[in-house]
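Student: got a sequence here, can you build the structure:
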Amino acid sequence: MAHEALVAGQIDLYPEYTGTAAMTVLKQQITTDPVALYMQLKDAYRERFHLIWLPPLGFNDTFAMVVRSADARQFPAHTLTAAQTRTWQLGVGYEFLTRPDGLGRLDQVYRLRWKGSAKTMDLGLLYQALANGQIDMAAANSTDGLLSNPKYTMLDDDQHAFPPYNACFVVRESALRDHAGLDQALTLLQGRISDTTMRELNRQVDVQHRSLAAVARDFLKTQW
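Tutor: Numbering: from 1, shown residues only. Below you'll find the predicted structure:
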């Protein structure tokens, strides 16, 4: 686990998601307020682990309930509340069934009607299953590159079932002392990577099959 490696000094920093840190590391009740959640993590990590949360990068990689755009156009609004009026065949990755912020949380907040049990599959197969009509709704991620395809629509989580998963760098306090300028360099990325930008970067990797290094390098060139 990256958090354990960070505390042990095996690595100096890594990107973490606010909701994941609160749920899996601190085991705390997750607030839906992204600012409040960030501040809670920032204070707790510094006090307990001597780890520093740098400002959010700008994107929220939360769960995304995705449908075919042709189906979404049947509703007055592209929201999960509006989707309660019909029955869906759900497709999910394996973790979504067991995570406390997954299917159980979705069912608790919304009265979505399912056609039998959810179909479980690798996350990379969800969009193909949607396109082929094997499922009608997929529990995907909000930064998926394939969400840039107009064939798919992400339904808005208008009742806030899912917590925020804002991406931030978490850095060892000692690493910031030992490497002058590291804090400033990483903080320059604050707010620069929106959900839309992250989807486009992922699309270049997943659809165009460009290397991670090339995509990251070209993105950074556009920033400075």
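
Student: list the contacts of residue 212.
Tutor: Taking Cβ atoms under 8 Å, 6 or more residues apart in numbering, we find residue 212 in contact with residue 205. All C-beta spots, glycine's among them, are computed from the backbone N, C-alpha and C.

Student: what sits closest to residue 21 if chain neighbours are left out?
Tutor: With sequence-adjacent residues excluded and distances taken as Cβ to Cβ, 6 or more residues apart in numbering, residue 21 is closest to residue 41, at 5.4 Å.

Student: so how far is the helix or strand where that neighbour lies off the chain centroid?
Tutor: Under the criterion of DSSP states H and E, residue 41 resides in helix 34-49. Averaging C-alpha positions (Cα atoms, centre = their mean, to the nearest Å) puts helix 34-49 19 Å from its chain's average.

Student: stretch 87-102 too?
Tutor: On Cα atoms, centre = their mean, the centre of stretch 87-102 falls 15 Å from that of its chain.

Student: can you give me the strands for this structure?
Tutor: Listed in chain order, the strands of the chain (DSSP state E) span 13-17, 51-53, 63-68, 87-88, 90-92, 113-114, 119-120, 137-141, 152-155, 167-172.

Student: okay, these in CSV with distance to residue 25 and mean neighbour count next?
Tutor: Compiled in CSV, these are given as follows (distance: least, Cβ to Cβ, whole Å; neighbours: other Cβ atoms under 10 Å):
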stretch, distance to residue 25, mean neighbour count
strand 13-17, 9, 17
strand 51-53, 10, 21
strand 63-68, 19, 22
strand 87-88, 33, 14
strand 90-92, 24, 23
strand 113-114, 32, 12
strand 119-120, 26, 15
strand 137-141, 20, 25
strand 152-155, 27, 21
strand 167-172, 10, 21
